[in-house]
Each structure stands twice: as structure tokens, then as C-alpha cells.
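# Need a 3D model of the following:
(one chain, ligands or ions: 1)
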Amino acid sequence: MSLITAENIEVRNGGTRALFGVSLALEAREIVTVVGPNGSGKSTLMRALIGAVPLQAGRITRRPGLRIGYVPQTLHIDRALPMTVRRFLNLPNRVGRAAARAALARTGVEALEQRQLAGLSGGQLQRVLLARAILNAPHLLVLDEPTQGLDQPASASFYRLIEALRDEMGCAVLMVSHELHVVMSATDRVICLNGHICCEGTPDVVTAAPAYRELFGTGTGGALALYRHEHDHAHDHPHGHADAPCHDHGDHGA
Ligand SMILES: Nc1ncnc2c1ncn2[C@@H]1O[C@H](COP(=O)(O)OP(=O)(O)OP(=O)(O)O)[C@@H](O)[C@H]1O
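Residues are numbered from 1 along each chain as shown. Coordinates of the predicted model:
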């Protein structure tokens, strides 16, 4: 049985149809990367899969007993509220000191245990969030743009850590990334999302596709500056750009 299966799901955010007709299945130990333009529903898909947003249509099935570790795209920290890293790891469930230390050590931030959360750098906070996500020995790690704001060496090191954690814990990984060039080596499957799934495949297939050369050819600086691929279907874009090809939503930076 797959870890998690989505069948033809539709999700609305307020008046916006953020996802429609999305079907996917995640298998044990695989690393799947979701790419897509801004506003294409990537975060919504992550939240739907963890059960944090209601579905308007379709169905999500989780393997019984499935444990998910989730790293959100952003964490809104109230700077007026004192909160050490150690206390943060107790939310929502209290954890023992040894377990907390082991998780922080595994993500390389053991020394931050008594630091204030609000005073951490972006890269440090991501590693603390990852430590919290692995506390329950998840079968599936869901990461929503975990390297946003990190420089390229820090991103590359973070993705190596994710791959090592997958190997050690045997978990599957589903992540959103704009840095396909960085995650490519560690990714088993890539899903291109734009409200619905535009295309998907192994990195080999994606690499061979004209889409990949458009994405990562000269001029993009290796970043996902342009989002283009060949289409054999019409778009009913959730934002109302019916029949607009993906590359019309292209320029969304690195
Ligand atoms: N809380 C909300 N209320 C209303 N609309 C929302 C809300 N959150 C997201 N949306 C809308 O839903 C759509 C999908 O948003 P989502 O955040 O899932 O996209 P994304 O692909 O993760 O974008 P980004 O790359 O910018 O993070 C967008 O049109 C967005 O404006």
C-alpha cells in the first residue's frame, strides 16, 4: 500500500481554486520534488496531504498509522514571546531531553538548544524545524520550500542532510523546491504543478525533455527563473487564465 494517495482532489482557498484534479501516490523511501510557479498550489498540496485543509472534492488516503513530519514554508514567530529552541521542540508534544538533543544533533544544531527561536538565522531555523519534524521518526517527511532564503552552499548541504535522513530513517520525502538543479541528484521523481499536475517523471525523463533545457539552460543561472515545458493539453488555470501555457506564469525568480 502507498504511504499516501490523493485521488482527483480539489481545494479552494477562499474564492480561489488552488488545486483541481490532482492525483498522486507516494511510496516508501522515495524522494519527490514538487516544482511550479508562485501561486500554483504547492503549499496547498502539502497542507492537503497532511490533512490541514479541507477538500472540496476527491479523496486522500493515508496508510494506517502513518507518521508525517512537516516543515512549513514559514514560521511566524512572535518576537515578544520568549521561546527557546528546547521549549519549541515540546510543541505540540513534550519530548524527553535525550530525544530533543539527538534530533538537534542530527540536523547539526545541537549548540542552539537554549537559544531564543526569534534570534536564529534562516538556515538555523530551518534545521530546528527539521529537527522537530524528525522527532516522531516519521514515515514521510513533508518539506515546503525548506531552503527558502538560504544561499546555494547552505541549500545544497540541507538537501544532502535530507537525503541522508531518508537513508537512515527509511522515510519518504515530499518537498517543494524552486531549486530543481540543486535537488535533482537526490530526487527520484519530479512533479510540475500549476493548479493541476502538468507533468511528472524521473529526473532522467525531465532532463531529457525540452522543458528541462528551457528550465536550466543558459540564461537562467541554473535557477528556476523560467518555468516552461511542452504542453499537449489546454490549461484551465485556477486564476482564470484559461488555456494559458505554464510558461506564461514563468518569471518567479530563484
Ligand atoms: N489563506 C489563503 N486565503 C486565500 N487564498 C489563499 C490562501 N493561501 C493561498 N491562497 C491562494 O491559493 C493559491 C495557491 O497558493 P499556494 O500558497 O498553495 O501556492 P504556492 O505554489 O505554494 O505559491 P508560492 O510559490 O508563492 O509559495 C494562490 O492563488 C493563493 O493566492
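
# could you pull out the strands for the stretch 1-150 of the chain?
Using DSSP state E, counting those that start in this stretch, the strands found in the stretch 1-150 of the chain span residues 4-13, 16-26, 31-35, 57-62, 68-71, 140-144.

# Could you dump those strands into CSV with distance to Asp151, mean neighbour count and mean pLDDT added?
All C-beta spots, glycine's among them, are computed from the backbone N, C-alpha and C. Shown next, in CSV, are these (distance: least, C-beta to C-beta, whole Å; neighbours: other C-beta atoms under 10 Å; pLDDT from 0 to 100):
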stretch, distance to Asp151, mean neighbour count, mean pLDDT
strand 4-13, 31, 18, 97
strand 16-26, 29, 19, 96
strand 31-35, 19, 23, 92
strand 57-62, 35, 15, 97
strand 68-71, 18, 22, 94
strand 140-144, 18, 23, 97
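
# out of these, nearest to Met184?
Smallest distance to Met184 across the strands of the stretch 1-150 of the chain (C-beta to C-beta): 8.2 Å, for strand 31-35.

# where does the stretch 51-200 of the chain dip in pLDDT?
Across the stretch 51-200 of the chain, the ranges flagged by pLDDT under 70 are 180-182.

# hey, where'd the helices end up in it?
Taking DSSP state H, counting those that start in this stretch to define them, one finds helices in the stretch 51-200 of the chain at 85-88, 97-106, 122-134, 152-169, 180-183.

# Among those helices, single out whichever gets nearest to the ligand.
Of all the helices of the stretch 51-200 of the chain, it is helix 180-183 that lies closest to the ligand, at 13.3 Å by C-beta to the nearest ligand atom.

# quick revisit: and Gly41, which of the strands of the stretch 1-150 of the chain is closest to it?
Comparing the strands of the stretch 1-150 of the chain against Gly41 with C-beta to C-beta, the closest turns out to be strand 16-26 (4.4 Å).

# got a list of contacts for the closest one?
2-12, 32, 41, 44-45, 48, 58, 140, 172, 174, 191, 193, 195-197, 200, 236, 238-239 (C-beta atoms under 8 Å, 6 or more residues apart in numbering).

# mind putting the helices of the stretch 51-200 of the chain in a markdown table, mean neighbour count and distance to Leu24 included?
Formatted as a markdown table, those follow (neighbours: other C-beta atoms under 10 Å; distance: least, C-beta to C-beta, whole Å):
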| stretch | mean neighbour count | distance to Leu24 |
| --- | --- | --- |
| helix 85-88 | 18 | 31 |
| helix 97-106 | 16 | 28 |
| helix 122-134 | 22 | 20 |
| helix 152-169 | 16 | 18 |
| helix 180-183 | 22 | 17 |
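
# Can you add distance to the ligand and give those back as CSV?
Below are these laid out as CSV (distance: least, C-beta to the nearest ligand atom, whole Å):
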stretch, distance to the ligand
helix 85-88, 23
helix 97-106, 26
helix 122-134, 15
helix 152-169, 16
helix 180-183, 13
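
# Go ahead and confirm Val183 touches Ser177.
Yes. Counting by C-beta atoms under 8 Å, Ser177 is a contact partner of Val183 at 5.0 Å.

# which residues does Cys199 form a beta bridge with?
Taking DSSP bridges as the rule, Cys199 bridges to Cys192.
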